[in-house]
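Novice: A structural model of the following input is requested.
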Amino acid sequence: MDETVAEFIRRTILKIRMTEMMTILKAWNFLSDNELQTINFRQRKESLVQHLILLCEEKHASLNDAALLDIIYTQVHQHQKVWDVFQMSKEPGEDVDLFDMEQFKSSFKKILQRALKNALTIASKHHQIVKMDLRSHYLDSLKAIVFKQYNQTFEIHNSTTPLEERSLGLDINIDSRIIHENAIEKNRVQRVTQETFGDYPQPRLEFAQYKLETKFKSDLNGGVLAERQEPLRCLIKFSSPHLLEALKSLAPAGIADAPLSPLLTCIPNKGMNYFKIRDK
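Specialist: Model prediction:
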């Protein structure tokens, strides 16, 4: 086994936590069950790594085997990386059917010595590949957004339907008209929120970023800003562990008016969380 391959495998194994070591090695499927049973997973990690390297040397592990182990580790820890999305397109009029995956793999390996971007474009028989303004730690959410795989159907409630009056059983002197108006507004907010976001779990994104470029406008003497030739630039970034679900909850929680700005609600439909806003 080449020293480079051995070092690649060693570094990958060192990244794996002991609690998930057996799961990842089994998923790798390079070492047999009998070989895995010879490993003492209670020993120090350095000793464990040396044992695994010896087994890999005996089986003449290749660079492909080492790369596969790294891919499996990355899949398990995919949320630790920020993933970019690229859009592939063909020439106008060309067939847009999905390419054959086996043919793609064969072609991709043959031309892998070229730049990765060119290899992907040629192997998949597309005209070009363009980076999209969409990034996240969550691959499943990125796929759901790009391929519109989340359920977009929802039930629309009629806001003109009278609400059923309910007695709370509380002896409190509150104007019933206020209660009724609040209930109507609450129902409207829920309806608008459902129409905007749908009745399904939102794809998971951590942020949305907006770059604004605008000229200073004033009917009065604006001073230095009015005379400025360069546009004013600012950056606004919304962050949350689950941004779209957070946005969905703003109006029902009374934090924002319904409906929200289209700049916030268009993220899944446009497949973007990076926006540039300029004067028309």
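Novice: So which bits of the host helix or strand of residue 189 are buried?
Specialist: Element membership for residue 189, per DSSP states H and E: helix 176-197. For helix 176-197, a neighbour-count test (16 or more other Cβ atoms under 10 Å) marks 189, 191, 192, 193, 194, 196, 197 as buried. All C-beta atoms are positioned from the backbone trio N, CA, C, and that covers glycine.
Novice: To what extent is the closest residue to the first one other than its chain neighbours buried, counted in neighbours?
Specialist: Pointing back at residue 189 there. Distances taken as Cβ to Cβ, 6 or more residues apart in numbering put residue 258 closest to residue 189, at 4.5 Å, once the chain neighbours are dropped. Residues near residue 258, counting by other Cβ atoms under 10 Å, number 16.
Novice: And residue 142, by the same measure?
Specialist: Using other Cβ under 10 Å, residue 142 has 21 neighbouring residues.
Novice: Confirm it sits in a helix?
Specialist: Yes - counting by DSSP: H, G, I helix; E, B strand; the rest coil, residue 142 is part of a helix.
Novice: Tell me which stretches of the chain form strands.
Specialist: Taking DSSP state E, the strands of the chain run over residues 83-89, 128-136, 207-214, 232-239, 274-278.
Novice: now the end-to-end length of stretch 89-100.
Specialist: Terminal residues of stretch 89-100 are spaced 16 Å apart (Cα to Cα, to the nearest Å).
Novice: that older thread, please tabulate the buried residues of helix 176-197 in TSV, including the columns distance to residue 127 and pLDDT.
Specialist: Shown next, in TSV, are these (distance: Cβ to Cβ, whole Å; pLDDT from 0 to 100):
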residue	distance to residue 127	pLDDT
189	46	90
191	44	91
192	41	91
193	40	91
194	40	89
196	35	89
197	35	89
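Novice: how about the closest residue to residue 22 other than its chain neighbours, what does it touch?
Specialist: If the residues on either side of it in the chain are set aside, residue 22 comes closest to residue 41, at 6.6 Å by Cβ to Cβ, 6+ apart. Residue 41 is in contact with 18, 21, 22, 48, counting by Cβ atoms under 8 Å, 6 or more residues apart in numbering.
Novice: Of the residues you listed, which belong to helices?
Specialist: Members of the contacts of residue 41 lying in helices (criterion: DSSP state H): 18, 21, 22, 48.
Novice: Fine by me, we can end here.
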